[in-house]
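Trainee: got a sequence here, can you model it:
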Amino acid sequence: MSLVEHIQELRRRMLVALVAITIGTILGYIWYAHRVGPIPSLGEILRGPYCSLPPEQRFGSSDGECRLLATTPFEMFILRMKVGSLAGLVFSSPIWLGEIWGYITPGLKKNERRWTFGVVSAASALFLLGAVLAYFVLALGLQFLLTIGSDAQIAALNGEKYFQFVIGLLLVFGVSFEVPLLTVLANAMGILSYKTLKEKRRFIIVGLFFFAAVITPGQDPYSMIVLAIGLTLAMEIAIQITRVNDKRRDRRAYTWLDVSDDASTPIDRPTSIDSPSGSVQHAGYEAKVESGPLGASPIARPSGIGSPEATAPGRAAAAPASRSGARPIQEPQGRRDGLDLRGDSTAPAHPPADSGGSGGPSSTGSANGYFDDVL
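Mentor: Predicted coordinates:
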């Protein structure tokens, strides 16, 4: 495909993804305030952790209702659009992820496609696991935060601030659970080894607790502890995966690969071609079956052309040698056309037969005989 065709395909796939996200946003906007059969509305699901608090700890809940405050005229509409757009992004994720996959797949090899599909699937599963864990932890965090000064205050949460807190906590948990996956990928690329992770395990656990304490938006101990424990368990699983991967890699690797450049390794003694070990006859040759340490088998001495093995039935016989005394014809060397070395240089190369005389040798007979003998 040309560059223009690639740009056109990218534009087409982006339009399909935008249409899918728009339709998903409309569905999320409707679902925000309406129930879908036995499924509660999206607003009720997000208000669930807040509504799980005792009524006496929520402002305006003396009649049993659970609502959030709105302090500006457009706050309800903007909040509903934000939550609906996030829901639409999740609803349409199979479509826009499929468009991205369809665009990059032609440029990937078979093994790269398999790796990409596996990594994306694992990342999606870990993100959903972290988000679900955050939703159940949210009620404990809110109860701690909203009751820490209940003797002097009562909680009256603003809708926009509350949903920012909830969505932020879901994203933090979901993204944090990608750390074990990154660890496994680093081990697969040879950046991290199981030995290094094993030696630094205690520092990793302390770092995860510190990371959870800093990144949780509520700064409550419940969210921090649950996130740190979840990350520690997921990281331990990742470490065990790296251990299995390193063992498999060591079994396939050669020992000389681990030797430094300035060190030497012993070389096995070569095997004789006339070794009495097992052999196999094939087309006039005797090849040894016993292989060396690196899989190379010694080769036997080839048999003669006229040997009985070479003329056995089912084998091609050697071509007979030529016994004739014929020799290739060679052109005379030293004599040119038109040059006569037997007489005068002005004489013709081939004098006529009846040039006078008895047909014997000319006056330069001695020279004529000498050059005839030489040339």
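Trainee: going forward, measure contacts and count neighbours with C-alpha atoms only.
Mentor: Will do.
Trainee: pLDDT weak spots in the chain?
Mentor: For the chain, applying pLDDT under 70 flags the ranges 60-64, 150, 218, 253-259, 265, 268, 271-375.
Trainee: ok, which stretches of it are helices?
Mentor: All helices of the chain, identified by DSSP state H, fall at 3-31, 42-51, 75-91, 93-104, 110-146, 159-176, 179-188, 194-199, 201-215, 221-252, 365-374.
Trainee: by contact count, what packs against the first one?
Mentor: So that's helix 3-31. Helices and strands touching helix 3-31, as assessed by 3 or more CA pairs under 8 Å, 6 or more residues apart in numbering; DSSP states H and E, comprise helix 75-91, helix 93-104.
Trainee: picking that back up, to residue 69, which of the helices of the chain lies closest?
Mentor: Taking CA to CA as the criterion, residue 69 comes closest to helix 159-176 out of the helices of the chain, the separation being 5.6 Å.
Trainee: in the closest one, what's buried?
Mentor: When neighbours are counted by 16 or more other CA atoms under 10 Å, the buried residues of helix 159-176 are found to be 159-160, 162-163, 166-176.
Trainee: and which of those residues is nearest to residue 2?
Mentor: The shortest distance between residue 2 and any of the buried residues of helix 159-176, using CA to CA, involves residue 175 and amounts to 37.2 Å.
Trainee: of all the helices and strands packed on helix 3-31, which gets the most neighbours per residue?
Mentor: Using mean count of other CA atoms under 10 Å, the stretch among those with the largest mean neighbour count is helix 75-91, at a mean of 18.
Trainee: who touches that helix?
Mentor: Helix 75-91 is contacted from outside by 21-32, 70, 159-160, using CA atoms under 8 Å, 6 or more residues apart in numbering.
Trainee: now do that helix against helix 93-104, angle only.
Mentor: Counting by axes from the mean of the first three to the mean of the last three CA atoms, to 10 degrees, helix 75-91 points 50 degrees away from the direction of helix 93-104.
Trainee: relative orientation of helix 75-91 and helix 3-31 in degrees?
Mentor: Note on geometry: by the same axes, to 10 degrees, helix 75-91 and helix 3-31 are set 130 degrees apart in direction.
Trainee: could I get helix 75-91 in PDB with only the CA atoms?
Mentor: The C-alpha atoms that make up helix 75-91 are tabulated as PDB, following Å, rounded to 0.1, in the frame of the first residue of the first chain:
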ATOM      1  CA  GLU A  75     -23.300  20.900  36.900                       C
ATOM      2  CA  MET A  76     -25.900  18.100  36.500                       C
ATOM      3  CA  PHE A  77     -25.700  18.200  32.700                       C
ATOM      4  CA  ILE A  78     -21.900  18.400  32.500                       C
ATOM      5  CA  LEU A  79     -21.500  15.600  35.100                       C
ATOM      6  CA  ARG A  80     -24.000  13.400  33.200                       C
ATOM      7  CA  MET A  81     -22.100  14.000  29.900                       C
ATOM      8  CA  LYS A  82     -18.800  13.200  31.500                       C
ATOM      9  CA  VAL A  83     -20.000   9.900  33.100                       C
ATOM     10  CA  GLY A  84     -21.900   9.000  29.900                       C
ATOM     11  CA  SER A  85     -18.800   9.600  27.700                       C
ATOM     12  CA  LEU A  86     -16.700   7.400  30.000                       C
ATOM     13  CA  ALA A  87     -19.300   4.700  29.900                       C
ATOM     14  CA  GLY A  88     -19.500   5.000  26.100                       C
ATOM     15  CA  LEU A  89     -15.800   4.600  25.800                       C
ATOM     16  CA  VAL A  90     -16.000   1.400  27.700                       C
ATOM     17  CA  PHE A  91     -19.100   0.200  25.700                       C
END
